[in-house]
Every structure is written in structure tokens, then in C-alpha cells.
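[1] Take this sequence and fold it.
(one chain, ligands or ions: 2)
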Amino acid sequence: MTALFTFHDNDALGVVRAVDTASVVVGVDNLELLRKMQVNRLVVLQSSKAGQFLIGIVQRIVRDAPTAKELEQEEETGEAHIAERNTVKVTLIGTFVERDGSKTNLFRRTLESVPEIDAFCFSLEGDLLTRFMRVVSHQSDSTASRLSLGSYALDSHAEAYLNANRFFQRHAAIVGSTGSGKSWTTARLVEQIAELPNGNAILFDIHAEYRTLTGDGIRHFRIAGTSDLETGKGLDDGVIYLPYWLLAYDDMVAMLVDRDDNNAPNQAMLMSRAVVAAKQKYLEDGTHAEILANFTIDSPVPYELKLVHDEIEAKNIEMVPGAHAGAEKQGDFYGKLSRLVARMENRTSDRKLGFMFRAPAETKEYGWLERFAKRLMAGTRDQSDAKGGVKIVDFSEVPSDVLPLIVSRIASIVFSVAQWTNSNERHPIAMLCDEAHLYVPERSTSAGILASALGTFHRIAKEGRKYGVGLVIISQRPSEVSRTVLSQCNNFVALRLTNAEDQSVVQRMLPDNLGGLAGLLPILDTGEALVVGDACLLPARIRISEPRSKPDSGTVAFWDRWAIDEPCDKIANAVQSWRKQST
Ligand SMILES: Nc1ncnc2c1ncn2[C@@H]1O[C@H](COP(=O)(O)OP(=O)(O)O)[C@@H](O)[C@H]1O
Ligand SMILES: [Mg+2]
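    Numbering: from 1, shown residues only. Ligands and ions are numbered 1, 2, ... in the order given. Here you go, the predicted structure:
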């Protein structure tokens with residue numbers, strides 16, 4: 001093995017003047033060398049231990065010339081020349097070890113020693129930097145667990161790898177302003193998962209951007225839109241219905257009961273009774289006695305919504321025996337449930353919610369949930385056609401007010417099934433949540449639909465690792481994504497971020513001594529990212545390589561379209577579709 005670092009003392013930039021716990025100040029006498037220094041570049045420092053070097057990152061460069069006053073004094077007193085005090089402040093980020101047992105050339109993120117005063121400091125650049133970066137990236141454990149993002153900005157020849165196990169195990173976030181390259185980065189992750197023989201991931205595609213991604217490892221689904229209703233299409237055609245009976249009771253209440261109604265608690269109570277009764281009937285009719293003994297209102301058991309509706313309507317007009325024999329009086333809820341009944345009828349007849357309330361009959365079959373969960377959660381090898389471990393679910397037709405409910409419901413089905421799987425039988429799954437600020441928002445005060453979606457994601461963020469469920473949170477507004485969830489993300493791919501609040505979210509993730517790197521965030525180029533976390537040895541600026549198939553951002557080129565001299569009026573059709581509630 002040849003040593004990586006063979007420095008000569010006279011190549012040194014300067015010598016250590018001051019030492020702190022994790023930073024040093026290097027005095028640089030040669031003004032030429034000082035001018036060549038740049039913030040965020042790497043340097044190597046001699047360590048007090050043989051065979052070790054300390055690696056640091058330049059934080060601050062100061063040229064401290066004598067002040068006018070000092071020069072004046074010098075002249076007055078005729079004393080010797082006061083030297084310039086040019087310094088470079090360096091944050092120590094790790095140790096390079098030439099040999100440890102049988103291993104050679106290792107980089108570790110720990111400081112196993114500190115430099116001594118007068119130790120030499122060398123610049124890490126050119127060919128040497130390339131070779132060092134290779135050491136850093138190649139040793140990311142085994143070849144198999146490498147995730148390739150692109151190349152280092154410091155050195156475009158050195159490929160940047162992340163430790164893929166850690167990246168997905170301990171949740172990750174991809175953040176960046178609109179147009180900074182999040183979707184392309186996501187596509188790059190997805191295509192690498194899809195290439196594995198038994199990859200397993202779900203991508204929540206909110207704007208149908210990822211339709212263009214193809215390959216045997218990828219399968220596309222869409223939540224049924226108005227034009228899918230009554231076509232008889234189902235899971236095998238890539239159409240997902242999420243029948244109302246799969247909603248948690250709280251979600252159902254959030255959907256159907258108006259919380260501002262002062263009768264809301266009674267309405268919710270009546271609904272819960274009616275739902276339990278309807279589920280019970282389903283189980284009794286189907287002779288599933290083993291389930292009957294232990295089922296709760298949230299058990300995933302189908303039921304007839306019509307029974308619930310009829311029961312509530314009956315209560316609304318119920319007459320009960322009065323005080324006098326033969327006389328009748330109005331029941332406790334007489335006339336108080338009219339609004340609930342009307343709301344139920346409105347919601348259930350809304351074609352835009354057809355994926356919930358107009359699901360085909362097969363979704364009420366007892367075995368349907370199993371087929372559904374399998375399509376969604378099985379890796380490539382366990383799919384019936386041994387394809388499509390990465391499932392891209394298109395939510396573009398889901399109305400935005402119920403989006404959080406539907407995304408979180410799918411996430412929660414995945415999590416529940418993972419929880420109920422024997423620990424030695426779990427096949428890990430990653431959920432990639434694009435536009436996460438829409439359904440995992442920071443505003444925790446919001447009640448109803450959002451609150452329950454948040455609860456689901458909080459639980460997965462905190463406990464997912466135990467059950468082999470990893471999250472990748474993707475957002476243009478990290479400051480609007482739930483803190484609780486982001487704080488559980490151990491890896492950040494931060495693309496360009498222009499907003500100060502968003503920057504501070506990433507800043508918080510940086511190790512204390514590297515907070516300065518956050519200064520890069522607003523000036524990153526498109527497709528360039530600052531990657532930090534336990535999946536990479538060094539926080540690094542990485543130029544993300546293009547994915548093979550590019551996401552379709554669907555951006556309309558206004559000006560170009562306006563420049564086409566042709567009629568393109570489709571408004572009459574749109575109005576017609578609106579009336580028909582179907583395109
Ligand atoms: N890694 C990259 N290399 C080169 N160009 C990129 C890269 N990532 C993104 N771009 C460019 O930026 C545009 C926006 O990227 P996109 O991923 O859709 O951004 P976002 O999802 O953050 O809004 C793309 O259409 C592409 O032209
Ligand atoms: Mg995007």
C-alpha cells in the first residue's frame with residue numbers, strides 16, 4: 001500500500017497557532033498561499049499520533065494587517081516592524097488513519113487526537129483531493145449498499161456514494177426550493193431501488209410528475225379519478241380505490257361531521273354506534289366469528305355505509321312513547337341530525353370522492369385488503385409477476401382537501417401491516433413522500449383531517465425504524481413540514497434553498513462545528529446539493545447526476561403557448577365535463 005499523504009514540510013500552508021476542542025487557527029505567513037485559500041475547502045493537519053492526519057474544513061480566512069495606529073506607533077517609537085497576522089480558521093471534521101489492523105487508508109468522523117501547536121497544515125487539493133474523496137466514498141461499507149448520487153463539487157472525478165442502508169433506515173429528507181432538482185434527485189433514488197432484485201418502495205406522486213419513470217422494477221398506480229369510475233378497472237389495471245370502510249373512525253368523523261355544529265359530539269357518537277353495528281353485521285353475515293370477538297371500530301372490516309346512513313336518518317325522525325299511554329313524543333335526536341344526513345349524502349355522491357364511496361364491489365370482499373396490501377407492500381420478488389417493487393402512486397386526481405387523509409391512510413395501512421408482521425419476516429419498505437408539506441404540515445393546531453394525517457406520520461417517523469418502514473420526506477418548504485417528523489430524519493439532501501426559515505431547518509441538522517456550510521444553501525446550482533447525515537462520512541456538496549428517465553414537471557410554457565397562432569378553445573368541453581362530473 002502506498003501512503004496517501006506524503007507531505008513535505010515546505011509545502012505547508014502554515015502552522016497551528018491555537019487549538020480548541022474541534023477547531024484550530026492556522027497562521028499563514030505566505031500571502032500568496034493565503035490568497036489561494038477558499039472557505040469550505042479541505043485541509044490536512046499533522047496529528048500528534050503517528051500514521052494519523054486530521055482533516056479540517058476552512059471556516060474563515062483573515063488577513064490581519066497592522067492598523068494605521070499600530071504603524072504610527074511603530075514610526076514614533078522606531079520599534080521593529082509589526083508582522084501581519086494572517087490566519088485561517090479550520091474546523092476539524094475527522095481523522096485519516098493510514099492503517100488499522102488489516103485495513104488501510106481509513107477516514108473516520110471522530111477526532112482521535114488533536115493537532116499540536118506548530119503542527120503543519122497542508123492544503124487538500126488536485127489529485128490528492130480526488131484520491132482522498134475516493135477513500136471517503138468507497139469505504140461506505142460494502143459495494144452492494146452504495147447509493148450513487150453524483151460527484152463531489154470539490155472534485156468532479158470523485159463519485160459521491162451514500163451508505164444506502166443508513167439512508168433509508170433512519171429516514172431522510174430531500175429539500176430545496178421549487179426547480180432546484182428535488183424530483184430529479186428522487187427519480188435517481190427510485191431508479192436505483194428499482195434495479196435491485198427485491199426493491200420495495202412507494203412514491204407518493206402528488207402531481208403525476210413521475211409517470212415518465214419506467215422499468216421492470218417500477219409499477220404505476222393512480223387513485224381512481226372521475227373518469228375511472230364505473231369502468232370496472234381495479235388494482236390489476238393500476239387503479240386504486242380506497243373504500244370508505246378503510247378510513248379510521250376519526251377520519252370518517254372529520255369527513256362527515258361538521259365540527260362547528262353544536263350537536264357534533266352527539267352526531268359522532270351516533271355514527272360510531274352505527275358503524276360498529278354495521279361492521280358487526282358484516283362479520284356475522286360472513287361468519288367470521290374469530291374476528292367478532294376482538295374487533296374495534298377501527299378494525300379493517302368492510303361495512304355497508306347505507307346501514308349507517310339509514311340508522312342515522314331513522315334517529316332523526318324517531319318518535320318514542322310519551323308520558324301518556326298511546327301518546328308519542330319526539331325522540332332525543334329528532335330533527336337534530338338533518339344536517340349530518342345531508343352532509344353524508346353530499347359527500348357520498350360527490351364523484352370526485354368516488355375512489356372512496358363508489359369503489360367497485362370487489363373492494364367489499366373479505367380478501368380484498370390482503371390483495372391490496374400485497375400489491376402495495378410486496379417487494380419485486382413477491383409480486384405475482386415478479387415486477388414492480390417500486391410503486392408510484394399518482395394522487396393528482398384527489399381533491400386537495402382530502403389529500404392528507406388519503407395519503408396518510410395508505411401510509412398507515414403500510415405501517416399497520418408492517419407492525420403485524422413477524423419481525424423476522426418483514427421486508428423493509430421506504431415511503432417517498434413528495435410535496436410532504438401538503439400532508440405532513442407543521443401547523444399542529446389544525447384539527448380534523450390534517451391532525452389525523454399528522455398523527456400517522458409522527459408515529460411512522462418515531463417508530464418506523466423498528467418495523468422496517470423508512471420515510472423520505474421531500475419538500476420545497478421544510479419550514480412548513482412537521483418538526484417532529486423532520487427531526488427524526490437523519491439524512492438531508494439539501495438542494496438550493498432561498499428562504500431563510502427553510503435554510504435554518506437544514507442548519508439545525510448540521511453538526512455544530514459545520515453550521516457555516518448552511519451559507520452555501522442559497523447559492524447552490526440547480527441539481528447541486530449539500531448532503532449531510534449518517535449516510536455520508538463527510539457533509540459534502542454533491543452535483544447530482546441526471547436520472548435515466550426524467551420526471552415530467554408538467555410546467556406550462558406560457559409564453560410559448562401564447563405565441564402559437566392557432567385556436568385551442570376547449571372551454572365548452574370543460575364546462576360540460578364539470579356538469580357531468582366526468583372527463
Ligand atoms: N441533477 C440535475 N442536473 C441537471 N439539471 C437538473 C438536475 N436536477 C434538476 N435539473 C433541472 O432543473 C429542473 C427542475 O428540476 P425538478 O427536479 O423538477 O425540481 P423540483 O422538483 O425541485 O421543483 C429540471 O427540469 C432540470 O432541467
Ligand atoms: Mg418536484
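[2] The stretch 451-583 of the chain: strands as residue ranges?
    When assigned using DSSP state E, counting those that start in this stretch, the strands of the stretch 451-583 of the chain occupy the ranges 469-475, 491-494, 528-533, 540-544.
[3] List the neighbouring strands of the longest one plus their orientation.
    Here the strand partners of strand 469-475, with direction, are listed using DSSP bridges: strand 172-175 (parallel), strand 429-433 (parallel).
[4] Go ahead and confirm Asn40 touches Leu514.
    No - between Asn40 and Leu514 there is no contact under CB atoms under 8 Å: 9.7 Å. Every C-beta, even on glycine, is put in place using the N, C-alpha and C of the backbone.
[5] Need the overlap of contacts for those two.
    Ile57 (CB atoms under 8 Å, 6 or more residues apart in numbering).
[6] contacting residues around the residue of the stretch 451-583 of the chain found nearest ligand 2?
    The stretch 451-583 of the chain approaches ligand 2 most closely through Ser553 (6.4 Å), counting by CB to the ion. Applying CB under 8 Å, 6+ apart, we find Ser553 in contact with Ser183, Glu209.
[7] now Ala164
    Per CB under 8 Å, 6+ apart, neighbours of Ala164: Ser145, Arg146, Leu147, Gln192, Ala535.
[8] Repeat that for Ile218.
    So, once contact is read as CB under 8 Å, 6+ apart, Ile218 ends up touching Val190, Ala194, Gly388, Val390, Lys391, Ile392.
[9] Where is pLDDT lowest across those residues?
    For those, the weakest pLDDT value sits at Gly388, with 90.
[10] Is it correct that that residue is in contact with Thr380?
    Yes - if you go by CB under 8 Å, Gly388 and Thr380 touch, sitting 6.6 Å apart.
[11] Which neighbours do these two have in common?
    Common neighbours of Gly388 and Thr380 (CB under 8 Å, 6+ apart) are Asp216, Gly217.
[12] which parts of this protein sit against ligand 1?
    176, 178-184, 526-527, 544, 546, 551, 553 (CB under 6 Å from any ligand atom).
[13] go again using 8 Å as the cut-off
    Residues of the chain lying near ligand 1 by CB under 8 Å from any ligand atom: 150, 176-188, 209, 474, 476, 495, 526-528, 543-547, 550-551, 553, 555.
[14] Just the ones in helices from the residues you listed, please.
    Lys182, Ser183, Trp184, Thr185, Thr186, Ala187, Arg188 (DSSP state H).
[15] Quickly name whichever of the residues you listed is closest to Val417.
    Thr186 (23.9 Å; CB to CB).
[16] quick one: which of Asn40 and Leu514 has more around it?
    Leu514 (20 against 16; other CB atoms under 10 Å).
[17] Scan this protein for its longest helix.
    helix 264-285.
[18] which of the residues in that helix are buried?
    For helix 264-285, burial by neighbour count (16 or more other CB atoms under 10 Å) applies to Asn266, Gln267, Ala268, Leu270, Met271, Ala274, Val275, Val276, Ala278, Lys279, Tyr282, Leu283.
[19] so what's the third one closest to, chain neighbours aside?
    Spatially, and ignoring its direct neighbours in sequence, Ala268 is nearest to Val253 (4.9 Å; CB to CB, 6 or more residues apart in numbering).
[20] ok and the host helix or strand of that neighbour relative to helix 264-285, angle-wise?
    Val253 belongs to helix 249-256 when assigned by DSSP states H and E. Using axes from the mean of the first three to the mean of the last three CA atoms, to 10 degrees, the inter-axis angle of helix 249-256 relative to helix 264-285 is 120 degrees.
[21] ok, and what's touching helix 249-256?
    244, 247, 268, 271-272, 275, 297-298, 340, 343-344, 347, 402, 405, 409, 447-449, 451-452.
[22] picking that back up, list just the nearest of the buried residues of helix 264-285 to Leu71.
    Ala268 (81.0 Å).
[23] Contacts only, for the residue nearest to Asn316 when sequence neighbours are not counted.
    Nearest non-adjacent residue to Asn316, counting by CB to CB, 6+ apart: Leu337, 3.9 Å away. Counting by CB under 8 Å, 6+ apart, Leu337 touches Asn263, Gln267, Leu270, Ile312, Glu313, Lys315, Asn316.
[24] do you know how far the last one is from Ile297?
    Distance from Asn316 to Ile297, counting by CB to CB, to the nearest Å: 22 Å.
[25] So for these two, which residue has more residues nearby?
    Shown here are Asn316 and Ile297; by other CB under 10 Å, Asn316 has more neighbours (18 against 15).
[26] Now do the more buried one, the pLDDT please.
    Reading off the model, Asn316 has pLDDT 92.
[27] Please state the backbone phi and psi of it?
    phi -70, psi -20 (degrees, to the nearest 10).
[28] what's the longest strand in the protein?
    Using DSSP state E, we find that the single longest strand of the chain is strand 87-100.
[29] how about that strand: buried residues?
    Thr87, Val88, Lys89, Val90, Thr91, Leu92, Ile93, Gly94, Thr95, Phe96, Val97, Glu98.
[30] I'd like to know which of those is nearest to ligand 1.
    Of all the buried residues of strand 87-100, ligand 1 sits closest to Ile93, with 25.5 Å by CB to the nearest ligand atom.
[31] list the contacts for that closest one?
    Ile55, Gly56, Ile57, Arg109, Asn513, Leu514, Leu538, Pro539.
[32] If you rank those residues by neighbours, which is first?
    Neighbour max across the contacts of Ile93 (other CB under 10 Å) = Gly56, 27 neighbours.
[33] Quick check: the gap between Pro551 and Ala172.
    18 Å.
[34] now the strands of the stretch 451-583 of the chain in TSV, with mean neighbour count, mean pLDDT and distance to ligand 2?
    Listed next are the strands of the stretch 451-583 of the chain as TSV, based on neighbours: other CB atoms under 10 Å; pLDDT from 0 to 100; distance: least, CB to the ion, whole Å:
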stretch	mean neighbour count	mean pLDDT	distance to ligand 2
strand 469-475	25	97	7
strand 491-494	26	95	13
strand 528-533	24	93	14
strand 540-544	21	92	13
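[35] hey, where'd the helices end up in the stretch 101-250 of the chain?
    Applying DSSP state H, counting those that start in this stretch to the stretch 101-250 of the chain gives helices spanning 126-138, 164-169, 182-195, 249-256.
[36] export those to JSON lines and tack on distance to ligand 2?
    Formatted as JSON lines, the helices of the stretch 101-250 of the chain follow (distance: least, CB to the ion, whole Å):
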{"stretch": "helix 126-138", "distance to ligand 2": "27"}
{"stretch": "helix 164-169", "distance to ligand 2": "19"}
{"stretch": "helix 182-195", "distance to ligand 2": "3"}
{"stretch": "helix 249-256", "distance to ligand 2": "27"}
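[37] Quick one, which of those helices gets closest to Val24.
    helix 126-138 (18.8 Å).
[38] if we can go back for a sec, buried members of the ones in helices among the residues of the chain next to ligand 1 into PyMOL, please.
    The buried residues among those can be selected in PyMOL (16+ other CB under 10 Å) with this line:
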select buried, resi 182+183+184+185+186+187+188
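[39] will you turn the ones in helices among the residues of the chain next to ligand 1 into TSV that also has pLDDT?
    Listed next are those as TSV, based on pLDDT from 0 to 100:
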residue	pLDDT
Lys182	97
Ser183	96
Trp184	96
Thr185	97
Thr186	97
Ala187	97
Arg188	96
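[40] Name the pair among the ones in helices among the residues of the chain next to ligand 1 with the greatest separation in space.
    Maximum distance among these (CB to CB): 10.7 Å, for Lys182 and Arg188.
[41] quick one: low-confidence parts of the stretch 401-550 of the chain?
    Counting by pLDDT under 70, the stretch 401-550 of the chain contains low-confidence residues at 444-447.
[42] At which residues are the helices of it located?
    Using DSSP H, counting those that start in this stretch, helices in the stretch 401-550 of the chain cover 403-419, 449-463, 483-486, 500-509.
[43] how much space between the residue in the stretch 351-500 of the chain that ligand 2 sits nearest to and Glu230?
    Among all residues of the stretch 351-500 of the chain, Asp434 sits closest to ligand 2, at 6.5 Å; criterion: CB to the ion. As judged by CB to CB, Asp434 and Glu230 stand 29 Å apart.
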